[in-house]
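*Asks:* Take this sequence and fold it.
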Amino acid sequence: MMEGANTSTQIVDAGRAVLAEFGIAKFFFGTLSLEIHSRLRFDWANFGAFPSSWLQSYDRERYAMTDPLLTVARDRTDSFFWDDVIDRRSLSRPARDMFERAEAGGISSGFVVTRRRKGSIQIVSMMGAQADRRDRVARLGLEIVGSRMLIGLDRLGALPENGASDRLPSR
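*Replies:* Below you'll find the predicted structure:
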């Protein structure tokens, strides 16, 4: 279904059904780029698979400046579960706040898939209450579905461009 999709909504809907089987209830996309002086810049795109209000709060609280997942996504070339790379006890106060707010919303684990492009990194961040980092099948499945969604959205030109400042519609 994803291969023949002609809209971002079709891609997201195809991914949503499969991701639910792996304990992933919510996901969104974004483009991570380095700006002048190596500052992280993250522009998100939400196609109805994540509460837009949370992403707007993410911007308002400037979590991208302290989000350790973005730093890891910038520095690594492989996909990862949050628990693979984050020790929550050693996080900064803003980063702890971000994870605590996510947990209050039923999100306690996640998986990030990246796709490197010239000057940017495309990301799909997938979250849920029960994504199991020890499950090899889940890891492979999440990586495949996440990669296929990113490729499809890139094919449609639906992801923010490197350094884009406008937000895409929520669906």
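
*Asks:* what stretches of the protein score poorly on pLDDT?
*Replies:* 34-39, 162-171 (pLDDT under 70).

*Asks:* what's the residue closest to the geometric middle of it?
*Replies:* Ser125 (1.9 Å; C-alpha atoms, centre = their mean).

*Asks:* Three-state assignment for that one, please.
*Replies:* Under DSSP: H, G, I helix; E, B strand; the rest coil, Ser125 falls in the strand class.

*Asks:* pretty sure it contacts Gly30?
*Replies:* Yes: here Ser125 reaches Gly30: they are 7.2 Å apart, a contact under C-beta atoms under 8 Å. C-beta here means a position set from N, CA and C on the backbone, and glycine is covered the same way.

*Asks:* and Arg133, how many neighbours?
*Replies:* Neighbourhood size, Arg133 [other C-beta atoms under 10 Å]: 15.

*Asks:* ok, it to Glu161 distance?
*Replies:* 32 Å (C-beta to C-beta, to the nearest Å).

*Asks:* cool, and Val18?
*Replies:* Relative to Glu161, and taking C-beta to C-beta, Val18 is found at 27 Å.

*Asks:* Who are the packing partners of the biggest helix by length in the chain?
*Replies:* Taking DSSP state H as the criterion, the chain has its longest helix at helix 136-156. Other elements packing on helix 136-156 under the criterion 3 or more C-beta pairs under 8 Å, 6 or more residues apart in numbering; DSSP states H and E are helix 8-20, strand 26-34, strand 109-117, strand 120-128.

*Asks:* Check which residues of it are buried.
*Replies:* Within helix 136-156, the residues that qualify as buried by neighbour count (16 or more other C-beta atoms under 10 Å) are Ala138, Arg139, Gly141, Leu142, Val145, Gly146, Ser147, Arg148, Met149, Leu150, Gly152, Leu153.
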